[in-house]
Every structure is written in C-alpha cells, then in structure tokens.
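Engineer: this one's sequence-less:
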C-alpha cells in the first residue's frame, strides 16, 4: 500500500488527540529525571543551535511559513491557549515577580525634579541598575 499523506495525517490526529492521559503519565513518571537529562544535553543543544544558525534554518523556516500560516495558527489556537496558560501560570508569575517587586520597593530614588528635567533620568537609572543587578547577580 502506498504511503498517503492525508491518511497518515488523519491517523496521527486520531491517535494523538486521544493520548492526553498517556502524555500526563509520561510526564509524571519519566524514565529519567527531566532536569538532569536536560542539563546533560546542554552541549548537544548548543551544537544543534549552532548547526541551525550555520544553515540559516530560522530564516528559512520563517520564509517557508510566511505571515498567513503564522496568523492562521496564532488566531485559531492562540486565544484559548493563551488565556488558559495565563490562568495556570498565575502562581509562578506571582512567585517570579515577587523578587522584582522586592527590588523595586528597595530602590533609593533620587529626588523628583520638575517635569522634563534631565535630573529625572537618574530615577530611571536607579531602577534600571537595580533590575540589572537582580538579573545578573
């Protein structure tokens, strides 16, 4: 029997659409710990990224997809997934932003100057310096 792309895609959709439980079980019971395996693969990741850069894969992929494919995928899948993702991520966002809020609350701001005064840039610089220190340690 010859390979038929349409039939193969339909079979993939049928089987993959019903595999949610197996997916969850695989995540909950990995054969090897995810974090350790991912960290050990860092050199392979770097090599793969460099190889992709060397063959200009990113730009070629963007060109092959084009705006229409990107917009279709983003508008058909994005809104529902975005809203669900935001809802699920709220606790992690709060935890991550707590560090930023702590830094912002501890900034010693220079005195406010009249509107438009170049002296107000020092206030912005104080925030930028504090946030950069948080990011880079």
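Structural biologist: Looks like it arrived, so ask away. Here the structure is a predicted model, which means the values were calculated and not measured.
Engineer: pull the distance from the host helix or strand of residue 6 to the chain's centre.
Structural biologist: If you go by DSSP states H and E, residue 6 is part of helix 5-17. Here the centre of helix 5-17 is set off from its chain's centre by 28 Å, with Cα atoms, centre = their mean, to the nearest Å.
Engineer: average pLDDT for that helix?
Structural biologist: Helix 5-17 carries an average pLDDT of 93.
Engineer: how about stretch 44-62?
Structural biologist: The average pLDDT for stretch 44-62 rounds to 98.
Engineer: what do you get for stretch 108-122?
Structural biologist: For stretch 108-122, mean pLDDT is 94.
Engineer: can you check the distance spanned by that stretch, start to finish?
Structural biologist: Start-to-end span of stretch 108-122 (Cα to Cα, to the nearest Å) is 11 Å.
Engineer: residues touching stretch 36-47, excluding its own?
Structural biologist: Residues from elsewhere that reach stretch 36-47, judged by Cβ atoms under 8 Å, 6 or more residues apart in numbering: residue 30. For every residue, glycine as well, the C-beta is placed using N, CA and C.
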